[in-house]
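*Asks:* prediction below, plus the sequence it came from.
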There are 8 protein chains.
Amino acid sequence: MTLSVYLSGEIHTDWREEIITGCRAAGLDVTFSAPVTDHAASDDCGVAIMGAEPSKFWHDHKGAKLNAIRTRHALAAADVVVVRFGEKYKQWNAAFDAGQAAALGKSLIVMHGADHQHALKEVDAAALAVVETPEQIVQILRYVMSGQLPG
Amino acid sequence: MTLSVYLSGEIHTDWREEIITGCRAAGLDVTFSAPVTDHAASDDCGVAIMGAEPSKFWHDHKGAKLNAIRTRHALAAADVVVVRFGEKYKQWNAAFDAGQAAALGKSLIVMHGADHQHALKEVDAAALAVVETPEQIVQILRYVMSGQLPG
Amino acid sequence: MTLSVYLSGEIHTDWREEIITGCRAAGLDVTFSAPVTDHAASDDCGVAIMGAEPSKFWHDHKGAKLNAIRTRHALAAADVVVVRFGEKYKQWNAAFDAGQAAALGKSLIVMHGADHQHALKEVDAAALAVVETPEQIVQILRYVMSGQLPG
Amino acid sequence: MTLSVYLSGEIHTDWREEIITGCRAAGLDVTFSAPVTDHAASDDCGVAIMGAEPSKFWHDHKGAKLNAIRTRHALAAADVVVVRFGEKYKQWNAAFDAGQAAALGKSLIVMHGADHQHALKEVDAAALAVVETPEQIVQILRYVMSGQLPG
Amino acid sequence: MTLSVYLSGEIHTDWREEIITGCRAAGLDVTFSAPVTDHAASDDCGVAIMGAEPSKFWHDHKGAKLNAIRTRHALAAADVVVVRFGEKYKQWNAAFDAGQAAALGKSLIVMHGADHQHALKEVDAAALAVVETPEQIVQILRYVMSGQLPG
Amino acid sequence: MTLSVYLSGEIHTDWREEIITGCRAAGLDVTFSAPVTDHAASDDCGVAIMGAEPSKFWHDHKGAKLNAIRTRHALAAADVVVVRFGEKYKQWNAAFDAGQAAALGKSLIVMHGADHQHALKEVDAAALAVVETPEQIVQILRYVMSGQLPG
Amino acid sequence: MTLSVYLSGEIHTDWREEIITGCRAAGLDVTFSAPVTDHAASDDCGVAIMGAEPSKFWHDHKGAKLNAIRTRHALAAADVVVVRFGEKYKQWNAAFDAGQAAALGKSLIVMHGADHQHALKEVDAAALAVVETPEQIVQILRYVMSGQLPG
Amino acid sequence: MTLSVYLSGEIHTDWREEIITGCRAAGLDVTFSAPVTDHAASDDCGVAIMGAEPSKFWHDHKGAKLNAIRTRHALAAADVVVVRFGEKYKQWNAAFDAGQAAALGKSLIVMHGADHQHALKEVDAAALAVVETPEQIVQILRYVMSGQLPG
């Protein structure tokens, strides 16, 4: 069994690497995708390629659309979409990805700390699993793919 | 021409009434839908009907799923989805609704203040219009339905 | 707000009438559909119209397909699918309807007694609400449509 | 010709192995998938990974949703869905899988003993084949893929 | 309960009128659609409106495409598609309509005499009912809509 | 029989009125939709409502997206899409609408003069009818809806 | 460029081999599928595997459904569907396959002699090519895949 | 990460080769498809294979449909659709492809010179990027696939 997993959301910690490393260690045949996690590149890609914009709105607009080419492809190709909400920032793009995943019928897994529980209740309600740590994601993928439980 | 418009997002100001009143005044044939905007009812509906839960997570879970019956129906029936982001709170459910609307191919209009511009760039990039005031929504709906511009 | 609700499952008690009466009393604009609840007619419709079959399998087959014309139409037209599991019988057609509803993205509500909880866990996990009584269904529909909670 | 076949339903006998062995012996290029067939792991996976629940309902709920990640993926990837109903238990999840398979337009094959014929008539009516033994499944897959009949 | 029924196939006898009259007499709320049943108009509509063609192929091509505007609309709008195969002619357009109906997931009812049984086995296998007379169609629609059996 | 018809393309002559008047005269139950045909309003709607843009590209971009709210709704609601190519201008939006109509499976009718025949061959090849005059459109709609031929 | 081509219809001449051989000779990367072309096996497969039926209708019904497992898979996987109508028999299954292909949006190519032109006009009107010989099919596939014309 | 990119539109300059060469040089794993770019072959393919037509309309019609087999396949298989509008000709087929791409939810990139900006505003508004040079396309694909910006 193979799975394609899109790792969406927070880009300031190394949670993606923890999951990828954990799945490799468990011998799971998973293909991972992710947004561009270089914050500066992600913000400026549009104007860097298609020319500067005096307005911040259009600066961001051009970049967000380039990033959407990658994001939409990753979402469409994914069997499972993991969305992580970190401690800081608005992270509306994470919730936006979760909404797209839900509407596309993807299996959604949400990762966040207990302090965000109430604010994320609508997102959690659309998920097949809600967890706090990358290790739990690895355990879920191992169970789903091989039937093996931790411990 | 008739339109069905879902008014998603912030529930603490009367922006929905402004839009509805404005469209009525303009003589537009629009059907509006919205989430339950009574905050307390929306939070507690699950346990009020299906029994108390000692855990806050499941308390919220039961309620969020009941609200999803209404939300999904409104989204599916809508031609246009308006999502408003207010000044306060995380508002992840608003971004989640926007994501669903985008994935379902609905015409998306986003309303927010200038201070949220950067954080909402991915959502704005999926929208057909980004505005700041309910009056602009009324103007857009009037133009779309009748071809009339303001002034 | 109007809703179309398909009432699937158990046909030996008057739970459908309780829901319909309750919704009428609450002034809700709901359209209900249901399978043919006359057990004998439902079993024999195929051979009654298209000719007798010596084999029980084909006798049942002809009837089940006629009933599927009604069921599929009701499922396709429904916004909400309520599936009730009673105390007796295998009721595989109820679970089959629930599976179709889930795959079609319908809002699913499951009604059953506590003794069936474990056996129905996969069906419940796909539902937006799990209840025990028709009165709860009425309360849910009233809340979804009007935002009003019981009491 | 290659086929992807999901083997759903009863998990207490070795019918899946009989089919897999038979297809291998016949040299058929079939990819098989199945739910987790370790009953205890399947029941407890949710709490084992995501933490204990005092309520049996939520204990089961967490597990059923994890299993749904696997099941949905298997259903979506399958060309043919085989659902076996055994002698015992309610087996509502088997009928639920059959309903999903039917709604997704998958080719459905149902396997059960003669005593369940009447109770399964709606499920059988949606199937392209109804059989009693794993050997018949192998014969069907061999015929479908190579045109060869038994004997 | 209302149904939309498309009456496809043979255009040389008055079977459509029998069904429509029968349903009216039974008080059923059915909307019927049909192809243009004036054979000459149906053959020549293309050239009559869009100009003569020296080649019979293009003469027919232009007409068949105009008729497809009507047929596709009727198929898309139908809940139930009835296809009648008469005694004479190739009637490939009837089988073509049946194929479209099957692929679109419509409830298909096939009507034909016993002599065509073997030649129509693939079409019959995709149908939810196979009958010989218009009266049986009326009985099916009455049962499906009201639960009433004949006699 | 009722039809919903979207009249796309050239906005400088009164071809839409000819079709609408002709269908009214013929007593046909057709609902028509169209883009905003006031050229200046259509060009400037975006900046008029959402604020001026120094760049022509974004000026046009804002307007084109507002117009897309109307166009997408009209396309989605249409049974038949008529696209007229006039004598002048690039008219890429007309071909763009035709492409959308084709991909959405709408019945497409193209209207243009003989001089555009070769340049429009790909669009014509996706159409169910290719005509030169509004009168032919009326004749087609009358035939499709009533079976009546001209003359 | 690779293509998947389903060769449907007439099973009494070797037209499939001509096409396959011709494409091989032209070095085209095409994957072909076809129904079971052993007439006796195709007729009797159902009863051979699932038990005899005294009624010819159910004998054929069981077989037609087994064949549908193969046919539906081939249609779903195909980029191009070629349907050949031979000189003899009713061949309603060929027209039924063509209807399914059209509704699924597959590229349809129809092959038949001139004498069937009028009777097949609706099927031809849904096709992207209408030809008379297997050689023309090879020429079309070569042109589509490589841009090379014959001669 | 791999991408499938369809290069639609203008066929008189070597822009496709520039993009393909640039992506190869950047080590990107992209699969490219394109229409037949031999103008004469593209115009005459229909009659060359299926026989001459005295009418230019049908001559073109036969050819356009053959080309549609290739185009539809390329569009359906593409993750990204690039449409280039050159300096000359009507290029309605380019806009038609863009419309299909938009309706199919493909990521659309449009390439054209500044002089076509106003005429292409509806097409540009549906795109995720609007550029002027093949080099920018390469830079976009490199960024989307690897996160690397130019320079």
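*Replies:* Right, received. Where do you want to start?
*Asks:* now do the same contact list for the residue sitting furthest away from the middle of chain A.
*Replies:* The outermost residue of chain A relative to its centre, with distances by Cα atoms, centre = their mean, is A:P54 at 30.8 Å. If a contact means Cβ atoms under 8 Å, 6 or more residues apart in numbering or on different chains, then A:P54 has F:P54 as its contacts. Glycine gets a C-beta too; all of them are placed from N, C-alpha and C.
*Asks:* for it, which three-state class applies?
*Replies:* coil (DSSP: H, G, I helix; E, B strand; the rest coil).
*Asks:* distance of it relative to A:A41?
*Replies:* Remark: distance between A:P54 and A:A41 (Cβ to Cβ, to the nearest Å) = 21 Å.
*Asks:* what's the answer for A:A127, then?
*Replies:* Counting by Cβ to Cβ, the gap from A:A127 to A:A41 is 29 Å.
*Asks:* who's more crowded, those two?
*Replies:* A:A127 (22 against 16; other Cβ atoms under 10 Å in any protein chain shown).
*Asks:* now the more buried one. Its backbone dihedrals?
*Replies:* Phi and psi for A:A127, reported as degrees, to the nearest 10, are phi -90, psi 160.
*Asks:* I figured it hits A:H112, correct?
*Replies:* No. Contact criterion Cβ atoms under 8 Å: A:A127 and A:H112 do not qualify, at 10.4 Å.
*Asks:* what's the residue of chain A found nearest chain C in contact with, if anything?
*Replies:* Residue of chain A nearest chain C, by Cβ to the nearest Cβ: A:G105 (7.3 Å). Counting by Cβ under 8 Å, 6+ apart, A:G105 touches C:G105, D:R72.
*Asks:* quick check, it in a helix?
*Replies:* No. Per three-state DSSP, A:G105 lies outside any helix segment and is coil.
*Asks:* relative to chain G, how far out is it?
*Replies:* Distance of A:G105 to chain G, given as Cβ to the nearest Cβ, to the nearest Å: 18 Å.
*Asks:* just the helices in chain A please.
*Replies:* A:15-25, A:39-50, A:56-77, A:92-103, A:121-125, A:134-146 (DSSP state H).
*Asks:* format these as a markdown table; extra columns: mean pLDDT and distance to chain C.
*Replies:* Listed next are these as a markdown table, based on pLDDT from 0 to 100; distance: least, Cβ to the nearest Cβ, whole Å:
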| stretch | mean pLDDT | distance to chain C |
| --- | --- | --- |
| helix A:15-25 | 98 | 24 |
| helix A:39-50 | 97 | 32 |
| helix A:56-77 | 98 | 17 |
| helix A:92-103 | 98 | 9 |
| helix A:121-125 | 98 | 8 |
| helix A:134-146 | 98 | 14 |
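*Asks:* what's the closest of these to E:A26?
*Replies:* helix A:92-103 (42.0 Å; Cβ to Cβ).
*Asks:* which strands or helices does the closest one pack on?
*Replies:* If contacts are counted by 3 or more Cβ pairs under 8 Å, 6 or more residues apart in numbering or on different chains; DSSP states H and E, helix A:92-103 sits against strand A:2-9, helix A:56-77, strand A:80-84, strand A:107-111, helix A:121-125, helix B:92-103, helix B:121-125.
*Asks:* most neighbours per residue, which of those?
*Replies:* helix B:92-103 (a mean of 27; mean count of other Cβ atoms under 10 Å in any protein chain shown).
*Asks:* now it - C-alpha only, CSV.
*Replies:* In CSV, the C-alpha atoms belonging to helix B:92-103 read as follows (Å, rounded to 0.1, in the frame of the first residue of the first chain):
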residue,chain,number,x,y,z
TRP,B,92,-10.5,29.8,11.1
ASN,B,93,-14.0,28.6,10.3
ALA,B,94,-14.3,31.6,8.0
ALA,B,95,-11.1,30.6,6.1
PHE,B,96,-12.3,27.0,6.2
ASP,B,97,-15.6,28.0,4.5
ALA,B,98,-13.6,30.0,2.0
GLY,B,99,-11.6,26.9,1.2
GLN,B,100,-14.6,24.8,0.7
ALA,B,101,-16.2,27.5,-1.5
ALA,B,102,-13.1,27.7,-3.7
ALA,B,103,-12.9,23.9,-4.1
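*Asks:* now do it against helix A:56-77, angle only.
*Replies:* Computed by axes from the mean of the first three to the mean of the last three Cα atoms, to 10 degrees, the angle separating helix B:92-103 from helix A:56-77 equals 70 degrees.
*Asks:* show me the contact partners of helix B:92-103.
*Replies:* A:85, A:91-104, A:119-123, A:126, B:6, B:8-10, B:71, B:75, B:78, B:81, B:83-85, B:108, B:110, B:120, B:123, B:126-127.
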